[in-house]
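Q: Return a 3D structure for these sequence lines:
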Amino acid sequence: MQSRAAIRYAKAVYEIAYDENSVNEVFNDMSLVKKLNGSSADFKTLLSNSQINSRDKKNAILSLIDNHNSLTIKLLDLLIFNKRVSIVGDIATSFIQLYNKHNNIKEALVITASPINKELESEILSKINIPDAKAINLNNIVDPSIIGGFIIRYDGKEYNSSIKQNLNNLKKELTN
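A: As a prediction, the model looks like this:
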């Protein structure tokens, strides 16, 4: 859950990017920041470490983003000034949500026991039907506790075909 501050920063950046006709470029920057924030413990440590100078954090973030947009630099400068660099990951997430909403792109979540490959991702996307969606972004979360199978969440619905769920259903049937 993003903070209200992160949502406000994201809205402001989106509006400015829209006015400057650079939404797609800023989206690319924010996508990378979100990906790093979600997958790299070192990146999270960089953002939260009070011993690291804010300018060094900015330079480190920008060095990870190829062809960064000038608006991304301005955002980082503002975050440094307001001592809020640590929320840049949440801002990126909020920005992407705004981008998806304005472009009618829906999110779907697939939880599996092991990572899915591109072939399986394509098959899953072909089975998901969300009316009025231009595109669907598929996010895969690996959760070994479901043992096998998958759980799909999209458009307020959930389809649970995990082995763990099947075992729980069987257990309920046997105890009744």
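Q: Give me the neighbour count for residue 44.
A: The tally of other residues near residue 44 (other Cβ atoms under 10 Å) stands at 15. For every residue, glycine as well, the C-beta is placed using N, CA and C.
Q: looking at this, it is in a helix?
A: Yes - assessed by DSSP: H, G, I helix; E, B strand; the rest coil, residue 44 belongs to a helix.
Q: Report the spatially closest residue to it, excluding sequence-adjacent ones.
A: residue 37 (6.4 Å; Cβ to Cβ, 6 or more residues apart in numbering).
Q: For that neighbour, list the residues it contacts.
A: 43-44, 47, 88-89, 92-93 (Cβ atoms under 8 Å, 6 or more residues apart in numbering).
Q: Swap in 7 Å and give it another go.
A: By Cβ atoms under 7 Å, 6 or more residues apart in numbering, the contact list for residue 37 reads 43-44, 89, 92.
Q: where's it, which helix or strand?
A: helix 23-39 (DSSP states H and E).
Q: What residues of that helix count as buried?
A: Neighbour counts over helix 23-39 (16 or more other Cβ atoms under 10 Å) mark 23, 25-30, 32-34, 36-37 as buried.
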